[in-house]
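>>> Need a 3D model of the following:
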Amino acid sequence: MKKIIVTSAGGPCAENAIQSLRLGTKLFVIGTDVDKYMIKLSSADEKRIVHRADSATDMYIADLNKIAKLYKASMLIPISDREIYVCALNRGKLPPMTLPSKDIILLCRDKGGFYQFLKDYGFPVPPFKTGIAYWNVEKFKFDFPAWVRAVVGAGGYLSRKVNNLEELKAWLLLNKKKKFMVAKYLDGRILCWTSLWKDGELIMSVLKERLRWVYNRIGTTAVQRTIYNSSISKICEEIIKTMIDIYEPDMTGLMMMDLKEDIGTGQVYPTEVNAGRTGTVSLWFGLASQREYGDQRANFWYQLFRIHHGLKPLPTSKNPLPPNYYYIRHIDMGHKLEKIENV
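Numbers count the residues shown, from 1 in each chain. I've put the predicted structure just below:
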């Protein structure tokens, strides 16, 4: 039985990864976290408290290596944006991982830099300005309403709609130690494209629409559904492929892209890429795969696990899940997967 380490085990993203992996194989999971209370929620077989990845990096690395040696772990799966960043920078000092290169992770982590990348390579990008802080906001001109967000941080970190300069300045003042970017406010559909790559080639992807948010959008979806749109998926694939060609031709790993629609024009714009991870809710890929095919071909975490351990991924296609699989969930209420047509 393989033994793996999953970080941030006290959170929903890690728990989704653990449960997804267990749909495909038996394994022993060592879950790590910094929170001695939240880690008790994890279904990991063993639970360990570790130092914080960003503020105590050397001790964090030592913690993971000690755990890997003790349990003879064959794979480390860093979960949070912060841990992925630290692990990518210290890849040679850590247990084996399957992550994109640090150059790709650094590009994706800088949301303003990512927008500039899109612009430089001719991909659709909304009007934006980056490098904005409370002390220099007066130098810029903005069209309102606008969308403001921190340039570093996943899940639309410190983001909100601002309707005028006063609202923008107030938000910057509240968070004056952070740097921000401001872009056109996109008021249409909210989409997400999750993908798995091996040796620089796309193995599979799923496009979903986020329909409802848990507690008025706290970074995780309550209702989502699979959709199919070849033109959107093609743009997403081309964006990631461009990164790969520039930074890491043989990249293997997970790449997740968020997108938003401009309801006035119908144009769909990429808004961020989270390298090396799926979203908070990933269990439903495996559940839908089992219902659709009777196997785990559309289970991103299990397919990554197979690739990492030198096994061929299960035969699949670029778009393995058909549209209209709805995944409905809420805190303290579990989840439900439904195939709903004509909704």
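>>> And residue 62, how close does it get to residue 102?
Computed with Cβ to Cβ, to the nearest Å, the distance linking residue 62 and residue 102 is 20 Å. C-beta: built from backbone N, CA, C; applies to glycine.
>>> And the helices in the stretch 101-250 of the chain?
Taking DSSP state H, counting those that start in this stretch, the helices of the stretch 101-250 of the chain run over residues 102-109, 111-120, 165-174, 230-247.
>>> Show the end-to-end separation of stretch 91-104, please.
14 Å (Cα to Cα, to the nearest Å).
>>> Who are the packing partners of the helix or strand residue 3 falls within?
Here residue 3, judged by DSSP states H and E, is contained in strand 2-6. The elements that strand 2-6 packs onto, with contact taken as 3 or more Cβ pairs under 8 Å, 6 or more residues apart in numbering; DSSP states H and E, are helix 12-24, strand 27-33, helix 57-71, strand 75-77.
>>> Let me have these in TSV, extended by mean pLDDT, distance to residue 225 and mean neighbour count.
Output for those, formatted as TSV (pLDDT from 0 to 100; distance: least, Cβ to Cβ, whole Å; neighbours: other Cβ atoms under 10 Å):
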stretch	mean pLDDT	distance to residue 225	mean neighbour count
helix 12-24	97	17	22
strand 27-33	98	29	22
helix 57-71	98	37	16
strand 75-77	98	27	25
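>>> Just put the ones you listed in CSV and tack on distance to residue 91.
Putting those into CSV (distance: least, Cβ to Cβ, whole Å) gives the following:
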stretch, distance to residue 91
helix 12-24, 19
strand 27-33, 17
helix 57-71, 11
strand 75-77, 10
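>>> out of these, nearest to residue 227?
helix 12-24 (20.2 Å; Cβ to Cβ).
>>> chain center to the closest one: distance?
Averaging C-alpha positions (Cα atoms, centre = their mean, to the nearest Å) puts helix 12-24 14 Å from its chain's average.
>>> Equivalent analysis for stretch 176-189, please.
For stretch 176-189, the separation from the chain centroid amounts to 18 Å (computed by Cα atoms, centre = their mean).
>>> what's the answer for stretch 36-44, then?
When C-alpha coordinates are averaged (Cα atoms, centre = their mean), stretch 36-44 and its chain have centres 21 Å apart.
>>> All further residue positions should be reported with the first residue as 51.
All right, first residue 51 from here; so that's stretch 86-94.
>>> Next, the buried residues of it.
Judged by neighbour count using 16 or more other Cβ atoms under 10 Å, the buried positions of stretch 86-94 are 89, 91-92, 94.
>>> With stretch 200-215 instead?
Residues of stretch 200-215 classed as buried by neighbour count (16+ other Cβ under 10 Å): 200-206, 208-209, 212.
>>> go on, stretch 260-277?
By neighbour count, and taking 16+ other Cβ under 10 Å as the criterion, the buried residues in stretch 260-277 are 260-261, 264, 267, 270-277.
>>> for stretch 380-388, same thing?
Within stretch 380-388, no residue is scored as buried using 16+ other Cβ under 10 Å.
>>> Check stretch 94-104 too.
Buried, per 16+ other Cβ under 10 Å, within stretch 94-104: 94, 96-98, 100-101, 103.
>>> quick one: which of those residues is nearest residue 328?
Out of those, the member with the shortest distance to residue 328 (by Cβ to Cβ) is residue 94, at 17.7 Å.
>>> so who does the nearest residue to residue 222 once chain neighbours are set aside touch?
Ranked by Cβ to Cβ, 6 or more residues apart in numbering and with sequence neighbours excluded, the top spatial neighbour of residue 222 is residue 184, at 4.0 Å. By Cβ atoms under 8 Å, 6 or more residues apart in numbering, the residues touching residue 184 are 219, 222-223, 226.
>>> redo that, cut-off 6 Å
Contacts of residue 184 were listed using Cβ atoms under 6 Å, 6 or more residues apart in numbering, and they are 222-223, 226.
>>> wait, which of those is closest to residue 380?
Distance from residue 380 was checked for each of the contacts of residue 184 by Cβ to Cβ. The minimum falls on residue 222, at 33.2 Å.
>>> would you turn the buried residues of stretch 86-94 into CSV with secondary structure?
Listed next are these as CSV, based on DSSP: H, G, I helix; E, B strand; the rest coil:
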residue, secondary structure
89, helix
91, helix
92, coil
94, coil
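>>> Which strands or helices does the longest strand seen in the chain pack on?
When the chain is scanned for its longest strand (criterion: DSSP state E), the result is strand 251-263. Counting contacts by 3 or more Cβ pairs under 6 Å, 6 or more residues apart in numbering; DSSP states H and E, strand 251-263 is packed against strand 240-248, strand 271-277.
>>> Render the CA-only coordinates of the first one in CSV, please.
Read that as strand 240-248. Taking only C-alpha atoms (Å, rounded to 0.1, in the frame of the first residue of the first chain), the coordinates of strand 240-248 have been written out as CSV:
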residue,chain,number,x,y,z
ILE,A,240,-18.2,32.3,-13.6
LEU,A,241,-16.4,29.3,-15.1
CYS,A,242,-13.5,27.0,-14.1
TRP,A,243,-11.4,24.8,-16.3
THR,A,244,-9.5,22.0,-14.5
SER,A,245,-6.8,20.1,-16.4
LEU,A,246,-4.1,17.4,-16.1
TRP,A,247,-0.9,17.4,-18.2
LYS,A,248,1.8,14.8,-18.7
